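Undergrad: model the following, please.
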Amino acid sequence: MSQKTIMLACAAGMSTSLLVTKMQQAAEKKGLDVDILAVPVSEVDSYAKDHPVHVVLLGPQVRFMLKQFEEQFHSENIPVAVIPMTDYGMMNGEKVIELAEGLMK
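TA: Just a heads-up that it's a prediction; the model follows:
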């Protein structure tokens, strides 16, 4: 897989940045060429306008915005999903990488 960008969107970016680290470690173990970043939902639009994004994962705390982001990224065929609460709470980078991989296929 050529380099893909996984954007995690959350309320403020604090706890999600911990998950980014766990996801990067899991991606390295799998030999994936991915760029993973966390941005507050208020910055998703500006980031996506200037950078390629291949999948958007929402933190459970902003899951109520799923429909809004699905509509926003639909025309660009960018999948959007909510990170399962259990995987987020346990900072399970492997499971979240698997979720992103499945969405990018």
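Undergrad: counting by contacts, list what the longest helix along the chain packs against.
TA: When the chain is parsed with DSSP state H, its longest helix is helix 14-30. Counting contacts by 3 or more Cβ pairs under 8 Å, 6 or more residues apart in numbering; DSSP states H and E, helix 14-30 packs against strand 4-10, strand 34-40, helix 93-104. (C-beta placed from N, C-alpha, C; glycine too.)
Undergrad: tell me which of these lies nearest to Y47.
TA: Across those, Y47 has its closest neighbour in strand 34-40 (5.3 Å, Cβ to Cβ).
Undergrad: neighbouring contacts of that closest one?
TA: By Cβ atoms under 8 Å, 6 or more residues apart in numbering, the residues outside strand 34-40 that reach it are 1, 3-13, 16-17, 19-20, 23-24, 27, 47, 97, 100.
Undergrad: filter the residues you listed down to the buried ones.
TA: 4-10, 13, 16, 19-20, 23-24, 27, 97, 100 (16 or more other Cβ atoms under 10 Å).
Undergrad: which of those residues sit farthest apart?
TA: K4 and G13 (20.3 Å).
Undergrad: identify the residues contacting the closest residue to D33 other than its chain neighbours.
TA: Sequence neighbours aside, Q3 is the residue nearest to D33 in space, at 4.5 Å (criterion: Cβ to Cβ, 6 or more residues apart in numbering). Applying Cβ under 8 Å, 6+ apart to Q3 gives the contacts 33-35.
Undergrad: okay, these in TSV with neighbour count and distance to A81 next?
TA: Shown next, in TSV, are the contacts of Q3 (neighbours: other Cβ atoms under 10 Å; distance: Cβ to Cβ, whole Å):
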residue	neighbour count	distance to A81
D33	10	21
V34	22	16
D35	15	18
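Undergrad: other residues contacting the longest helix of the chain?
TA: For helix 14-30, with Cβ under 8 Å, 6+ apart as the criterion, the contacting residues are 6, 8, 10, 34, 36-38, 59, 83, 88, 91-94, 96-97, 100.
Undergrad: show me the shaky parts of the protein.
TA: 1-2, 13 (pLDDT under 70).
Undergrad: and if we set it to 80?
TA: 1-2, 12-15 (pLDDT under 80).
Undergrad: right, I'll call it a day here.
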